[in-house]
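Asker: Give me coordinates for this.
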Amino acid sequence: MARRSSKSSTARKSKGRRGGPSRRSVRAPRRTPPRISGYLMALRHVAAAFSFLCLIGAAFIFYYAADLPSTSGLWSVDRRPAVTVLDRRGEKISVYGLTYGAPVRLADLPPHVGQAVIALEDRNFHHHVGVNPLSVLRALLVNAKEGEIRQGASTITQQLAKNLFLSPEKTLKRKVQEAILALWLEARFSKDEILTLYLNRVYFGAGAYGIEAAAQRYFGVAAEDLSIGQSAVLAGLLKAPSRYAPTHSPEGAAGRGTMALDAMVEAGFLTPRERVLAAEAPVVLAAQGASAGSAHFVDYVVAVLPDLIGAYDADIIARTSLDLSVQRAAEAAVLSAAADGAFPAEAEAAFVALDLQGGVTAMVGGRDYAASQFNRAVNARRQPGSAFKPFVYLAALEAGFSPRSRVIDAPLTLGNWSPANYRDKYYGKVTLTDALAKSLNTAAVRVSERVGPGRAAGAARRLGVKSDVRVHRSLALGVSEVTLLELTNAYAPFANGGYAAPVHAVLEVETAEGRLLYERAPQGAKRVIAEKNWRDIAKMLEVVVAEGTGRRAQLPGRTVAGKTGTTQGYRDAWFIGYAEDYIAGVWVGRDDNAPLGDVTGGRAPAEIWRRAAGASLPGAPARALKPFVAYKEPSPALQTMTAPTPAASEGKTMEDLLAEIAGGEGF
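Answerer: Okay, the predicted model is just below:
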């Protein structure tokens, strides 16, 4: 039984081997735990996504890199020539245009120059490859938290790439190209070379590009002589050069300089003691010469230069007729009158001063150049009102009348036009001198009608008015538009003895190397007012200030002459006057031609003129007006004065007209 049982058992085992694997030989396949299997699947998806993103990123970069700007002109500078504008004594007014300093090597600069920039702009400059990922991440987090762009992440290399090759627009394409170019710069140049390029090309405000130009512009020193404090101020400008420029905001520049000193301590470039010493050392700005107000004059000079020297492609120096002391007095007079409420806060004012030869000695084109670059002294054409009347009375003198000739001042109607006096006040029969002094409208119209509007227009053109003067009955009341500059220039013959004084602003021009390009030649004297007529009209204009509408322009101890002007509806107010060798014109009005209220030429403009003239002639001995004799007398005979036009004289001869005046009837 036992043997059989054993066999049976063996058979079963054998059968089991033949029929299939036994229980002992069969193993179930190992299964990966579900959690690990999920991780592996996720990794495969991540790898696939990463590969896809890499392809997209490569295509993205290739797309934006396809039109990268050329880097061939890396070390060259393409700029407009700079124009250094000087006043008549050689004092610098300003430098017009973009100024690039001579290239300087980093090795020639004090270490603190580069350190100040690195500390404030890019503390990890020596450790990144052109793009700083940590800064990018930090900026993204800050901007995401604030919901707007509050922090940038550009390295010095990226800023250099933007300044050298790209536009300032804030677009994704520009940022990608900036990063690509930054990587290229880092691969091509050393850190010192990159910093050298940056310091020589970055903008420091006030038209100064490069560390050398900025050092000269703000401090009057070479870049290699910059102190720690000066270097800190310049480094502080880079965030917003125009806003923090010391010439624009000394307080803002000082604050940014303090931040730079603190950053240098944090970066290990300065010890706390060195920082204290640097902060205690005064940082003094170089004298800039001109104030902001002379910017209108500089624009005027630059505009006329091509007519004098043609096209120019090199830096030039222009010496002008401007007198900075007269300029500053004019600016102060305009601003103080505005501050005192002499005219509405919304109104504008313009000022022009000339010498006896017609040289511009001061020009204020508006109250604030930063707010408006429009030059109202040169480009604004407005009605002069009664400031045009001296030409009418000069025409009467040239027609044979005298300052004592009488004219009727009474209501007048010519066709459908009825000119009226200020506040409808009339004086009856008055002399021409009184009519001009009181600025009587109906009297001026009667004079114009008698001598002919064409004669008055001709006198204005002969003396310097360049605008088209329309000949019609209302001409006597100054309805033809003129500029302040040309009207003031037309008064110059009244001041200088009767000679033409062509307006000009540039005396000479030379290159930066000293090569003379232009020099104003002496002008021959051209008499435009006969001497007797000049003496008469000059005396009449003196009475305007002494007794008439221009009394606010009086200067104690000096002889002042001039004329006020107020247009219809109180839209323009003028005063043009002169004292000794000082000629100036003032205009007050609104750019939109709205009324000024009760502002007349005898108020704000006369007051501005008085303040400016009083400050421009301090301590000079008072002297009576006398003929201008700086030029040699011309050899030709004096200009022949024509007789009145037939229409104006109604067929009467000069003798008839003189007889009427002698008879006391007036006209």
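Asker: which regions of this structure sit below the pLDDT cut-off?
Answerer: 1-80, 97-99, 133-153, 164-177, 287-293, 618-667 (pLDDT under 70).
Asker: Would you map the strands across it?
Answerer: Per DSSP state E, the chain carries strands over the ranges 83-86, 92-96, 99-100, 208-209, 316-320, 348-354, 360-364, 406-409, 428-431, 506-511, 516-519, 561-566, 572-579, 582-589.
Asker: Quickly run through the sheet partners of the first one, with directions.
Answerer: Its sheet considered, strand 83-86 pairs with strand 92-96 (antiparallel), strand 316-320 (parallel) by DSSP bridges.
Asker: Any idea which of these gets closest to Gly252?
Answerer: strand 92-96 (20.3 Å; CB to CB). (Each C-beta comes from the backbone N, C-alpha and C, glycine too.)
Asker: So what touches the closest one?
Answerer: 82-87, 207, 217, 287-290, 294-295, 297-299, 301-302, 320, 322, 324 (CB atoms under 8 Å, 6 or more residues apart in numbering).
Asker: Would you list the buried entries among those residues?
Answerer: The neighbour-count test (16 or more other CB atoms under 10 Å) marks 82-87, 207, 217, 288-290, 294-295, 297-299, 301, 320, 322, 324 as buried among the contacts of strand 92-96.
Asker: Kindly reformat the strands of the chain as TSV containing distance to Phe391.
Answerer: Formatted as TSV, the strands of the chain follow (distance: least, CB to CB, whole Å):
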stretch	distance to Phe391
strand 83-86	33
strand 92-96	33
strand 99-100	45
strand 208-209	47
strand 316-320	29
strand 348-354	17
strand 360-364	22
strand 406-409	16
strand 428-431	18
strand 506-511	28
strand 516-519	33
strand 561-566	10
strand 572-579	11
strand 582-589	14
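Asker: could you measure the closest residue to Val284 other than its chain neighbours against Ala332, distance?
Answerer: Spatial nearest neighbour of Val284, excluding adjacent residues (CB to CB, 6 or more residues apart in numbering): Phe219 at 7.4 Å. According to CB to CB, to the nearest Å, Phe219 stands 27 Å off from Ala332.
Asker: Looking at these two, which is more packed in?
Answerer: Counted by other CB atoms under 10 Å, Phe219 and Ala332 do not tie: Phe219 has more neighbours, with 21 against 17.
Asker: so who does the more buried one touch?
Answerer: 226, 230, 283-286.
Asker: ok, back up a step: of the strands of the chain, which is nearest Glu178?
Answerer: strand 208-209 (19.3 Å).
Asker: Could you tell me how far that closest one lies from the centre of the chain?
Answerer: 17 Å (CA atoms, centre = their mean, to the nearest Å).
Asker: i'd like the first residue to be 47 from this point on
Answerer: Let's use 47 as the start, then, which means that last one is strand 254-255.
Asker: what's that strand packed up against?
Answerer: Here strand 254-255 touches strand 145-146, helix 257-265, going by 3 or more CB pairs under 8 Å, 6 or more residues apart in numbering; DSSP states H and E.
Asker: most tightly surrounded among these?
Answerer: helix 257-265 (a mean of 24; mean count of other CB atoms under 10 Å).
Asker: between that one and strand 138-142, how big is the angle?
Answerer: 150 degrees (axes from the mean of the first three to the mean of the last three CA atoms, to 10 degrees).
Asker: how about helix 257-265 as CSV, C-alpha atoms only?
Answerer: Extracted as CSV, the C-alpha positions of helix 257-265 are listed here (Å, rounded to 0.1, in the frame of the first residue of the first chain):
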residue,chain,number,x,y,z
ILE,A,257,29.9,110.3,-18.8
GLU,A,258,32.3,112.9,-20.2
ALA,A,259,29.5,115.2,-21.6
ALA,A,260,27.6,114.8,-18.3
ALA,A,261,30.6,115.7,-16.2
GLN,A,262,31.3,118.8,-18.3
ARG,A,263,27.6,119.8,-18.5
TYR,A,264,26.7,119.5,-14.8
PHE,A,265,30.0,120.1,-13.0
